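> A predicted structure for the sequence below; I have some questions about it.
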Amino acid sequence: MKRAVGGLLLACILSLGQTAWAGPAQDTLKSDVDAVLSVLRSTKAGDPGRTERLAKDMESFFDAKELARRTLALNWTKFSPQEQDSFTQAFVQLLENTYVRRIETYTNEQVVYLGESPLGDGRVEVSTKIVTSRREVPITYRLINGSGAWKVYDVVIEGVSLVQNYRSQFEQILGQESPARLIERVKKIEAEGPQGNQK
């Protein structure tokens, strides 16, 4: 599970580059990711503080609670407010750790913005593609403006949604186990590090 999501998150950071048509959500997203790219370009793996800087910059473009709530879908209401907070913290920490490890492989692939389109209810999609010597990879970001700022709540890479990918796995677990047990599982995956759960 972690490897698949790691690939999704790596593609996220790679897909912010050349701009075709920009809207406010796209502009915000690009600004946030430019900060991450600046760290990658000005430092190298192992430099003091690099990992912490990357993790901090990542926090600026994901809406943690919206991401967690949409991932759990109807199961969100089965969690107590305290469990919702615990799950959100554990899940986002997992994504952060996976993301920071994967973006170390950033190699300046060519990236093109294709613009943004409204989804309604304060939501938009920003379409991009990664262009390599062998293929083009379509990436769609879904953003929401729920608190006065555009934040990512889902990423779709070649038709695979980050939220739906995790949702299906968590639904299976919650069909047999409690919210508390799911939170424990997420924390365990996060604690295992890059060698854990490499399926």
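Looks like it arrived, so ask away. Numbering: from 1, shown residues only.
> From here on, just use CA atoms for contacts and neighbour counts.
Fine.
> Would you state the strands of the chain in chain order?
Under the criterion DSSP state E, the chain contains strands at 110-120, 123-131, 136-144, 151-157, 160-161.
> relative to strand 110-120, how tilted is the second one?
Which is strand 123-131. Counting by axes from the mean of the first three to the mean of the last three CA atoms, to 10 degrees, strand 123-131 lies at 160 degrees to strand 110-120.
> got it, and the third one?
Interaxial angle of strand 136-144 relative to strand 110-120 (the same axes, to 10 degrees): 40 degrees.
> Just the CA atoms of strand 136-144, as CSV, please.
Only the C-alpha atoms of strand 136-144 are listed here, as CSV (Å, rounded to 0.1, in the frame of the first residue of the first chain):
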residue,chain,number,x,y,z
GLU,A,136,3.0,11.5,-20.8
VAL,A,137,1.3,11.0,-17.4
PRO,A,138,-2.0,12.9,-16.7
ILE,A,139,-2.4,14.2,-13.2
THR,A,140,-5.5,15.9,-11.8
TYR,A,141,-5.5,17.8,-8.5
ARG,A,142,-8.8,18.4,-6.7
LEU,A,143,-8.8,21.4,-4.5
ILE,A,144,-11.3,23.0,-2.1
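> The residue nearest to R142 when sequence neighbours are not counted: neighbour count?
Closest residue to R142 apart from its sequence neighbours, by CA to CA, 6 or more residues apart in numbering: E125 at 4.6 Å. Residues within reach of E125, counting by other CA atoms under 10 Å, total 21.
> picking that back up, A180: which of the strands of the chain is closest?
Nearest of the strands of the chain to A180, taken as CA to CA: strand 151-157 at 23.3 Å.
> Show me how far the lengthiest helix in the chain is from its chain's centre.
If you go by DSSP state H, the chain has its longest helix at helix 81-102. Centroid displacement of helix 81-102 relative to its chain, using CA atoms, centre = their mean, to the nearest Å, is 10 Å.
> for stretch 55-73, same thing?
That offset, for stretch 55-73, works out to 7 Å (CA atoms, centre = their mean).
> Give me the residues contacting stretch 74-87.
A68, R69, E171, L174, P179, A180, I183, V186 (CA atoms under 8 Å, 6 or more residues apart in numbering).
> again, only using 7 Å
For stretch 74-87, the surrounding residues in contact (CA atoms under 7 Å, 6 or more residues apart in numbering) are R69, P179, I183.
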